[in-house]
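Undergrad: How does the following fold in three dimensions:
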Amino acid sequence: MSPGTFLGLASPSAIEVAALAGCEWVLLDLEHGGGTLDQVGPSVQAASAAGIPLIVRVPKPERSVVGWVLDQGAAGVMLPRIESLEDAIECVSYCDYPPVGQRGVASYTRSAGWGSHSVRETARGVCMIQIETTGALDDVAQIAQLPQVDSLFIGPLDLSFALGVPEDFDHELFTNAMTTTIAAAQAAQIPVGSLISDPARIDTMRAYGIDFLALGSDALALRTGLSDQVHRLKRTDTSAS
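TA: Sure thing, here's the model as predicted:
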């Protein structure tokens, strides 16, 4: 599995730290994180300097936002809250230039090398569909087969809530949803990823056949790392007294 992490602290420095820690990719989370679109450009630059790709999860899949994020040179976009096959068909069209899609065309963007090469030579960027609703789950086999879909991502928290088994990742409904989504991705020969907050679930994800895995977030790593040290310090102080 390829390791990465979510970025919620809106700090390009966190990208450098993640790369030094061994992350092979990072995802700037603009749906739930503390950042705004202002962080996209600096984050792309930091990821480029660190030698790892940056994916941006947009707040919601709108045509102007998806195209703008790709224009800034992001390696790809994650599209959240997809509700159906029809919804997916519409939203993935925002990633491609006409006549295939609806992405606006500009030649003076970072993705086009500030005009140094033709837009036709510009890397398209990864189009990643998030499977986190029952509607997307119902249509996941067809969604995965769309030519414009490059990857699927299982959002475990939202999906567990949508299935009526909040945070119960061992419930049959949830495990069936995982295997269904992974099978759809494998049939379409595209990678599938997911997210964990508990390292104890790494082996479970490996057994599922996940291709890439987000190891929590920058904020979670900071909190848990400091919490462990604070608790150890307090235990030492108690023992000494």
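Undergrad: Thr181 and Pro156 touch, don't they?
TA: No. Assessed by C-beta atoms under 8 Å, Thr181 is found out of contact with Pro156, at 10.8 Å. C-beta here means a position set from N, CA and C on the backbone, and glycine is covered the same way.
Undergrad: any chance you could map the strands in the chain?
TA: Applying DSSP state E to the chain gives strands spanning 2-7, 25-29, 54-57, 76-79, 126-131, 151-154, 192-196, 212-217.
Undergrad: chain center to the fourth one, what's the gap?
TA: If I follow you right, that is strand 76-79. In terms of C-alpha atoms, centre = their mean, to the nearest Å, the centre of strand 76-79 is set 7 Å apart from its chain centre.
Undergrad: Would you mind writing the CA trace of it as CSV?
TA: Backbone C-alpha positions of strand 76-79 (Å, rounded to 0.1, in the frame of the first residue of the first chain) are rendered in CSV as follows:
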residue,chain,number,x,y,z
GLY,A,76,-5.5,15.6,-9.0
VAL,A,77,-8.8,16.2,-7.3
MET,A,78,-11.0,14.2,-5.0
LEU,A,79,-14.7,14.7,-5.6
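Undergrad: Name the single longest helix found in this structure.
TA: Using DSSP state H to define each element, the chain has its longest helix at helix 218-240.
Undergrad: Could you list the low-pLDDT ranges of this structure?
TA: The chain contains residues with pLDDT under 70 at 239-241.
Undergrad: what does stretch 144-155 contact?
TA: 76, 78, 80, 88-89, 92-93, 95-96, 100-101, 126-132, 140, 143, 177-178, 181-182, 184-185, 187-188, 190-195 (C-beta atoms under 8 Å, 6 or more residues apart in numbering).
Undergrad: ChimeraX command to pick out the buried ones of those?
TA: Only the buried members of these end up in this ChimeraX selection, burial being decided by 16 or more other C-beta atoms under 10 Å:
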select :76,78,80,88,89,92,93,95,96,101,126,127,128,129,130,131,132,140,143,177,178,181,182,184,185,188,190,191,192,193,194,195
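Undergrad: about what we covered before: got the contact list for the longest helix of the chain?
TA: Contacts of helix 218-240 (C-beta under 8 Å, 6+ apart): Thr5, Phe6, Leu7, Gly8, Leu9, Ser11, Ala14, Val17, Ala18, Ser197, Leu215, Gly216.
Undergrad: ok and that helix relative to strand 25-29, angle-wise?
TA: 100 degrees (axes from the mean of the first three to the mean of the last three C-alpha atoms, to 10 degrees).
Undergrad: List the buried residues of helix 218-240.
TA: By neighbour count on 16+ other C-beta under 10 Å, the buried set for helix 218-240 is Asp218, Ala219, Ala221.
Undergrad: distance of the residue nearest to Leu54 when sequence neighbours are not counted from Leu27?
TA: In space, and not counting its chain neighbours, Leu54 is closest to Ala47: 3.7 Å by C-beta to C-beta, 6 or more residues apart in numbering. The spacing between Ala47 and Leu27, counted by C-beta to C-beta, to the nearest Å, is 10 Å.
Undergrad: what's the answer for Ser151, then?
TA: For Ser151, the distance to Leu27 - C-beta to C-beta - is 12 Å.
Undergrad: Between those two, point out the one with more neighbours.
TA: Using other C-beta atoms under 10 Å as the criterion, Ser151 and Leu27 rank with Leu27 on top: 28 against 21.
Undergrad: how about the spatially closest residue to that one that is not a sequence neighbour, what does it touch?
TA: Take Leu27 and drop its neighbours on the chain: the residue closest to it by C-beta to C-beta, 6+ apart is Ile55, 4.5 Å away. Taking C-beta under 8 Å, 6+ apart as the criterion, Ile55 is in contact with Trp25, Val26, Leu27, Leu28, Ala74, Ala75, Gly76, Val77, Met78, Val126, Met128.
Undergrad: I appreciate the help and will end here.
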